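**Student:** what follows is a predicted structure for the sequence shown.
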Amino acid sequence: MSPALLLAEMLRDPAGSTRLGLAEWTALFAVARSEQLIGTLAVRLQGLPMPGEAERIVRDAIASAEQGRTAALWEAEMARRALGDMPVVLLKGTAFIAAGLQAGRGRSIGDLDILVPRERIEEAEALLLAAGWEWVKPDPYDDAYYRRWMHELPPLIHRERDRMIDVHHTILPLTARITPDARALLADSAPLENGLRILNSNDMLCHAAAHLFADGDLAGGMRNLWDVHCLIEEFGVEGLEARAAHHGLAGAMSRAVRLAQALYGPPPLAGTAGGWGDRLYLRRLTARDGWGRPTTRLTRLAFYIRSHWLRMPPLLLARHLWAKWRKGG
């Protein structure tokens, strides 16, 4: 079994870890770190018998995840205070932990991702700059590219807390072939007690599918599919097909559900329902060796090219790549 599939099996059935040898423990933790699933895995393994060194890694990973949870929630609160009465929807990992969802248990949190109304994006920018955030990318080309074509402001980082925020006005680039209904995402979001909001469960699933299959090169895909698995387990799929179709994400959502099931069940490692296309996606998603290093270089390259092809029309893509090459990346 490949190391990545071993990780999937241990997430699905952590009790199976009792039969692992030392080399398998090493590979398991290496891949979990590479896929940003070490905290999630640790929470699942907690309390089970394991070698002493593995127990230490699990304990440290849980402590690190808890520290990250505290920092992420504080950053969300700082954004809420800065943005005043503006409707602010938390996205991705911060939304999961703020709402106490299963997908947030042990979740690694990077940037703070939020969604605000597009007509108020400039107001949000001004308020955040006044509250201590600064531009990460001062390059004029990058700045203009984000503002004209992307689904978010150029990334910002707080000058004192060194934490990044991505301010979205929709969930896919404006150049993408799929255009989700951003107004519906905001209108149907659910309030939290602190005044922030989260997407409804079906829109959370649609966002996960959009990020994985319509926007990216599948980097971090095992974590995204774990999110999908947990959200379906917690909320079910009632109304999901219709909601995904409304956002233009029916195909991406269907594939996300199949692949989440293939990796995390039920049934255990359900295989590759969906044919050769799903097998190719699984090959990319599980492309790690026993040290957590990327493998299948050509497959990864193909998905990287695909991600850019999906994001923008061919002529615009050529112009963008030419501009990036001329200024050295």
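**Tutor:** In hand now; what should we look at? Note that this is a predicted model, so its numbers are computed, not measured.
**Student:** now do the helices in the stretch 1-150 of the chain.
**Tutor:** For the stretch 1-150 of the chain, applying DSSP state H, counting those that start in this stretch gives helices covering 3-12, 22-34, 38-45, 52-83, 92-98, 121-130, 140-149.
**Student:** the ones you listed: which one's closest to Gln261?
**Tutor:** The closest of the helices of the stretch 1-150 of the chain to Gln261 is helix 3-12. By C-beta to C-beta, the value is 10.5 Å. Any C-beta I mention is one placed from the backbone N, CA and C, and that applies to glycine too.
**Student:** now for the closest one, which elements pack on it?
**Tutor:** On a contact count with 3 or more C-beta pairs under 8 Å, 6 or more residues apart in numbering; DSSP states H and E, helix 3-12 meets helix 22-34, helix 38-45, helix 221-235, helix 250-264.
**Student:** could you dump the helices of the stretch 1-150 of the chain to CSV with distance to Leu199?
**Tutor:** CSV is the format used below for these (distance: least, C-beta to C-beta, whole Å):
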stretch, distance to Leu199
helix 3-12, 23
helix 22-34, 27
helix 38-45, 20
helix 52-83, 14
helix 92-98, 7
helix 121-130, 18
helix 140-149, 22
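**Student:** out of those, flag the one nearest Arg197.
**Tutor:** helix 92-98 (8.8 Å).
**Student:** who are the packing partners of the closest one?
**Tutor:** Against helix 92-98 (3+ C-beta pairs under 8 Å, 6+ apart) you get helix 52-83, strand 112-115.
**Student:** tell me the most buried of the helices and strands packed on helix 3-12?
**Tutor:** When you average the neighbours per residue for each of those (mean count of other C-beta atoms under 10 Å), helix 38-45 leads with a mean of 24.
**Student:** which of the helices and strands packed on helix 3-12 sits closest to Tyr281?
**Tutor:** helix 250-264 (6.0 Å).
**Student:** can you dump the C-alpha atoms of the closest one in CSV for me?
**Tutor:** The C-alpha trace of helix 250-264 is given here as CSV (Å, rounded to 0.1, in the frame of the first residue of the first chain):
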residue,chain,number,x,y,z
ALA,A,250,-22.4,19.7,-10.5
GLY,A,251,-19.5,17.8,-12.2
ALA,A,252,-16.9,18.9,-9.7
MET,A,253,-19.1,18.1,-6.7
SER,A,254,-19.9,14.7,-8.1
ARG,A,255,-16.2,13.9,-8.5
ALA,A,256,-15.4,15.2,-5.0
VAL,A,257,-18.0,12.9,-3.5
ARG,A,258,-16.7,9.9,-5.4
LEU,A,259,-13.1,10.5,-4.5
ALA,A,260,-13.8,11.3,-0.9
GLN,A,261,-15.6,7.9,-0.7
ALA,A,262,-12.8,6.2,-2.6
LEU,A,263,-10.3,7.5,0.0
TYR,A,264,-12.2,7.6,3.2
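**Student:** ok so, going back, dump the helices and strands packed on helix 3-12 into TSV; add distance to Arg197 as well.
**Tutor:** Below are these laid out as TSV (distance: least, C-beta to C-beta, whole Å):
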stretch	distance to Arg197
helix 22-34	31
helix 38-45	24
helix 221-235	17
helix 250-264	22
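**Student:** could the ones you listed be laid out in TSV, adding distance to Ile109 and mean pLDDT?
**Tutor:** What follows is these, written out as TSV (distance: least, C-beta to C-beta, whole Å; pLDDT from 0 to 100):
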stretch	distance to Ile109	mean pLDDT
helix 22-34	15	97
helix 38-45	9	98
helix 221-235	11	96
helix 250-264	21	93
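**Student:** closest one to Gly84 among these?
**Tutor:** Nearest of these (C-beta to C-beta): helix 221-235, 29.9 Å.
**Student:** other SSEs contacting the next helix or strand after that closest one?
**Tutor:** Proceeding N to C from helix 221-235, the next assigned helix or strand is helix 240-246, under DSSP states H and E. Applying 3+ C-beta pairs under 8 Å, 6+ apart, one finds that helix 240-246 contacts helix 201-209, helix 250-264.
**Student:** buried residues in whatever helix or strand comes next after the longest one?
**Tutor:** Translated: helix 250-264. The C-terminal neighbour of helix 250-264 among helices and strands, as given by DSSP H and E, is helix 276-285. Neighbour-count burial for helix 276-285 flags Asp278, Tyr281, Leu282, Arg283, Arg284, Leu285 (criterion: 16 or more other C-beta atoms under 10 Å).
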